[in-house]
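# Generate a structure from the sequence data that follows.
(chains A and B)
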Amino acid sequence: DGGITQSPKYLFRKEGQNVTLSCEQNLNHDAMYWYRQDPGQGLRLIYYSQIVNDFQKGDIAEGYSVSREKKESFPLTVTSAQKNPTAFYLCASSIGLAGYSTDTQYFGPGTRLTVL
Amino acid sequence: RKEVEQDPGPFNVPEGATVAFNCTYSNSASQSFFWYRQDCRKEPKLLMSVYSSGNEDGRFTAQLNRASQYISLLIRDSKLSDSATYLCVVNIVGGYNKLIFGAGTRLAVHP
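Sure, this is the predicted structure:
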């Protein structure tokens, strides 16, 4: 059953704690992405990775970190430096055809993070 | 000005109605266009790509006007199951395929 999985579905964090969100895909996609979604706003790109062992900052990378040690996995750490971390976090992947307009992104089910 | 702008709605329509959503984008380097559907508290799912000549998929028709930087989605014969938020998405092709998302238009279809 191919797809993208994210865990946990819901996550509660105390202020000052770092938390790591999991994202795994078995679609054999090269590119993976992390977005956050806030009410009334479009998705905003946090980090992306076009290939294993490489990743780049997106539009709102401050307070977040990622790693890409395996093709299938792209975990996101929300650090205590992120001032307003409560949001819906979405991971996506695509074949990774940089420069080709038909490279469609597919999303995981998301993790809803709440800071207490 | 937002890079991709949509009317947030909600559009409240009866079953069987025809409804149209519009979207404008500001970056003339945009090269491909999509409509995604997002159900409440779920992930976005690709509804359809939008081609320059316009394209149709069953009850859904998408149109693109590059000169006016304008995209539309028409839904005919609305079903209760069409109730969702529709996201207009623009792809700026470059070093990586950057997607710019609109905030979405909410549709509520009632009996």
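# The longest strand seen in chain B vs chain A: in contact?
Ranked by residue count and defined by DSSP state E, the top strand of chain B is strand B:84-93. Yes: Strand B:84-93 reaches chain A (Cβ under 8 Å from any Cβ of the partner chain) through B:87, B:91, B:93. All C-beta spots, glycine's among them, are computed from the backbone N, C-alpha and C.
# Which neighbouring elements make contact with the next helix or strand after that strand?
Following strand B:84-93 in sequence order, the next helix or strand is strand B:97-101 (DSSP states H and E). Applying 3 or more Cβ pairs under 8 Å, 6 or more residues apart in numbering or on different chains; DSSP states H and E, one finds that strand B:97-101 contacts strand A:44-51, strand B:84-93.
# Could you see whether chain B lies near stretch A:9-16?
No: judged by Cβ under 8 Å from any Cβ, stretch A:9-16 and chain B are separated, with a smallest distance of 9.9 Å.
# Any buried residues in that stretch, and which?
For stretch A:9-16, burial by neighbour count (16 or more other Cβ atoms under 10 Å in any protein chain shown) applies to A:11, A:13.
# do stretch B:48-63 as well
B:48-50, B:60-63.
# Check those residues one by one and keep those near chain A.
B:Ser49.
# hang on, A:Phe88 is in a helix, isn't it?
No: if the criterion is DSSP: H, G, I helix; E, B strand; the rest coil, then A:Phe88 is strand and not within a helix.
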